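S.K.: Take this sequence and fold it.
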Amino acid sequence: MRKIFLSLIALTTFIVPTFGSWAKLPKGEHCLTHYYIVEPVFLMPVLIKHKDELNLTPEQKEKIKALIREIKPKAVYYSQRIDELVPKIRRDLIFNPDKKMVEDELTLLADLKIRKSLLNYECIQALRKILTEEQFKKLLQYAGIH
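M.R.: Modelled structure (predicted):
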């Protein structure tokens, strides 16, 4: 009986706060890894904020605009698919007795998050090529990455 009681204490101490903090996210907001496998590195918003300090050339600005046009539709697509899948999978975790189907859905979700994370990587690598070494170092500093 004591082991059961201690197990319940551990359960409420470790698991319930996890779900409780997840449930407290404002409606429509997600944790940073909702769309990614790992926490993303957002350099583009920092670059846009500090574009004047980075002294971007007109050619660099055009390349960055082209990069945004290339990446944004893919990012939006992956985010939409993830947003569609997550509530379905959460329901299926509770109500779907077909483990294989749930496993396939989870695999699809993981693949979408991998693709979104790789898109983040591709964006960073493209920025590394567009910017000079000095500009890229400054960008990392502005982003708080040392």
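S.K.: Point to the helix or strand of the protein where mean pLDDT is at its lowest.
M.R.: helix 16-23 (a mean of 37; mean pLDDT, DSSP states H and E).
S.K.: What does the residue most central in space within the chain show for phi and psi?
M.R.: Among the residues of the chain, the one closest to the centroid is Y36, at 3.3 Å (Cα atoms, centre = their mean). Y36 adopts backbone torsions of phi -130, psi 160, taken as degrees, to the nearest 10.
S.K.: right, and the secondary structure at V38 would be what?
M.R.: coil (DSSP: H, G, I helix; E, B strand; the rest coil).
S.K.: That one contacts I114, doesn't it?
M.R.: No: assessed by Cβ atoms under 8 Å, V38 is found out of contact with I114, at 10.1 Å. To be clear about C-beta, it is placed using only N, CA and C from the backbone, and glycine gets the same treatment.
S.K.: what about these two, which has more around it?
M.R.: Higher neighbour count among V38 and I114: I114, with 13 against 10, using other Cβ atoms under 10 Å.
S.K.: Local confidence estimate at that one?
M.R.: Model confidence at I114, expressed as pLDDT, equals 97.
S.K.: same thing with the one 3 residues further on?
M.R.: Model confidence at S117, expressed as pLDDT, equals 97.
S.K.: Renumber starting at 620 from here on
M.R.: Sure, I'll start numbering at 620, so the last one becomes S736.
S.K.: Which SSE is immediately downstream of the helix or strand hosting it?
M.R.: Using DSSP states H and E, S736 sits within helix 718-749. Moving toward the C-terminus from helix 718-749, the next helix or strand (DSSP H and E) is helix 752-761.
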